[in-house]
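got a sequence here, can you build the structure:
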Amino acid sequence: MEMHQVRYFLAVAQLLNFTRAAEECNVTQPSLTRAIKQLEAELGGDLFRRERPAAQLTELGQRMHPLLKQCYDAATGARSLASSFRSGEIGALRIALTHSIDLALLIPHLNAIRRQFNRLEFRFLRGTSREVGEFLKKGEAELGIAAEIDEAWERLDVWPLFTEDFDLVVSRKHRLAGHDTVEPDDLRAEQLLGRNYCEHSRRISASLREHGIDVDHGHEISSERDLIELVEADIGIAMMPHTSPVPESVKRAAVAGLDARRTVSLYGVAGRQRTAVANAVMRMLRGADWREIAG
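Coordinates of the predicted model:
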């Protein structure tokens, strides 16, 4: 089935006249009639009763009309969308982030890139560090942002963006809420909330364990939102990256002598063609001054 055959069918169905339909489609009537006959042969029956003065849809034609119109509209829409992408009127960005990366870090850059396109479509993917690597590998995402991708693939390009500390976060009702800096010994009696979705959770746990802090009998949390609610309720304390947002009901503090840092990087796939949007975002992120954000 060819799209021009469908277009001719729809024109005849609307005008109920082969001559006028041919004029509407800017083709000769024999060409239009031949295309309709080819379509009828493919569908296995007559689509029109060729009567004078007007053609009439047969039962098969009536049943096929909404299906063929939907098919034609979809094809026309696809061509229009493809043309808009080629001309730069529409841009698309597919980016994958690990669960521990706050999307707010990208908002200023996304707002800036929106001004360069009449219409911009985002697709954000979330996952573990391994899943972000798989999104990039399979082409489901053009760019990835993570503290560390658990994927040994030689085609991964890596551009470090910033390095930040992990802070202790506690409820404003907690006994340590009045301190800007605490000692590791202050945490020994506390129950920790483990951010198992964070790619640095094992490294943070190892550092806390070196200071004699029990990290093996804490609460296991699988989302940032749940963690914040538990901290607010003073059910436990947690270590969070400096760029992770916290409400006013939660207090941050540094932990003296604790080896707790991470470097957030931008990832791409070497040798793979990127969209204009992805290239623009990549340049923005690599050229940004992250010092104030990362503290």
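
buried stuff in stretch 108-116?
109, 110, 113 (16 or more other CB atoms under 10 Å). In this view, the C-beta of every residue, glycine as well, is placed from N, C-alpha and C.

now those as a markdown table including distance to residue 130?
Formatted as a markdown table, these follow (distance: CB to CB, whole Å):
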| residue | distance to residue 130 |
| --- | --- |
| 109 | 26 |
| 110 | 25 |
| 113 | 28 |
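
so among these, where is pLDDT lowest?
Across these, the bottom pLDDT score, 80, is held by residue 113.

quick revisit: any idea which of the buried residues of stretch 108-116 is closest to residue 187?
Nearest to residue 187 among those is residue 109, at 35.9 Å by CB to CB.

what's the closest non-adjacent residue to the closest one?
Excluding the flanking residues, the one nearest residue 109 by CB to CB, 6 or more residues apart in numbering is residue 284, at 4.7 Å.

which SS class is the one you found?
helix (DSSP: H, G, I helix; E, B strand; the rest coil).

separation between it and residue 106?
Distance, residue 284 to residue 106, using CB to CB, to the nearest Å: 9 Å.

OK, contacts around the residue nearest to residue 109?
Each residue near residue 284 by CB atoms under 8 Å, 6 or more residues apart in numbering is listed here: 109, 112, 113.

who's in contact with residue 98?
Each residue near residue 98 by CB under 8 Å, 6+ apart is listed here: 126, 127, 128, 129, 132, 145, 146, 147, 197, 198, 199.

got those as TSV, with secondary structure columns?
Shown next, in TSV, are the contacts of residue 98 (three-state DSSP):
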residue	secondary structure
126	strand
127	strand
128	coil
129	helix
132	helix
145	strand
146	strand
147	coil
197	coil
198	coil
199	coil
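
who does the closest residue to residue 233 other than its chain neighbours bridge with?
Spatial nearest neighbour of residue 233, excluding adjacent residues (CB to CB, 6+ apart): residue 171 at 7.1 Å. Counting by DSSP bridges, residue 171 is bridged to residue 250.

quick check: residue 211 touching residue 259?
No: in this structure, residue 211 is not within contact of residue 259 by CB atoms under 8 Å, at 9.6 Å.

these two: who's more crowded?
In terms of neighbours (other CB atoms under 10 Å), residue 211 is the more surrounded of residue 211 and residue 259; the figures are 16 against 13.

mind checking how far the more buried one is from residue 66?
According to CB to CB, residue 211 stands 70 Å off from residue 66.

same check on residue 206?
Going from residue 206 to residue 66 by CB to CB gives 63 Å.

can you pull out the strands in the stretch 1-150 of the chain?
48-49, 56-57, 90-98, 119-127, 143-146 (DSSP state E, counting those that start in this stretch).

mind putting these in TSV, distance to residue 39 and mean pLDDT included?
Converted to TSV, these look like this (distance: least, CB to CB, whole Å; pLDDT from 0 to 100):
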stretch	distance to residue 39	mean pLDDT
strand 48-49	10	89
strand 56-57	13	89
strand 90-98	32	84
strand 119-127	35	88
strand 143-146	45	95
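
how about stretch 135-148: buried residues?
For stretch 135-148, the neighbour count (16+ other CB under 10 Å) marks 135, 136, 141, 142, 143, 144, 145, 146, 147, 148 as buried.

same question, stretch 45-65
For stretch 45-65, the buried set under the neighbour-count rule, 16+ other CB under 10 Å, comprises 47, 48, 55, 57, 61, 64, 65.

possible to save those residues as TSV with distance to residue 219?
Converted to TSV, the buried residues of stretch 45-65 look like this (distance: CB to CB, whole Å):
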residue	distance to residue 219
47	67
48	71
55	74
57	67
61	66
64	61
65	61
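
from the residues you listed, which is closest to residue 155?
Among those, residue 64 lies closest to residue 155 (CB to CB), at 47.7 Å.

residues in contact with that closest one?
The neighbourhood of residue 64, defined by CB under 8 Å, 6+ apart, consists of 9, 43, 47.

pLDDT and distance to residue 100 for those residues - can I get that in a markdown table?
Converted to a markdown table, the contacts of residue 64 look like this (pLDDT from 0 to 100; distance: CB to CB, whole Å):
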| residue | pLDDT | distance to residue 100 |
| --- | --- | --- |
| 9 | 92 | 55 |
| 43 | 90 | 55 |
| 47 | 92 | 59 |
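
nice, that's everything, thank you.
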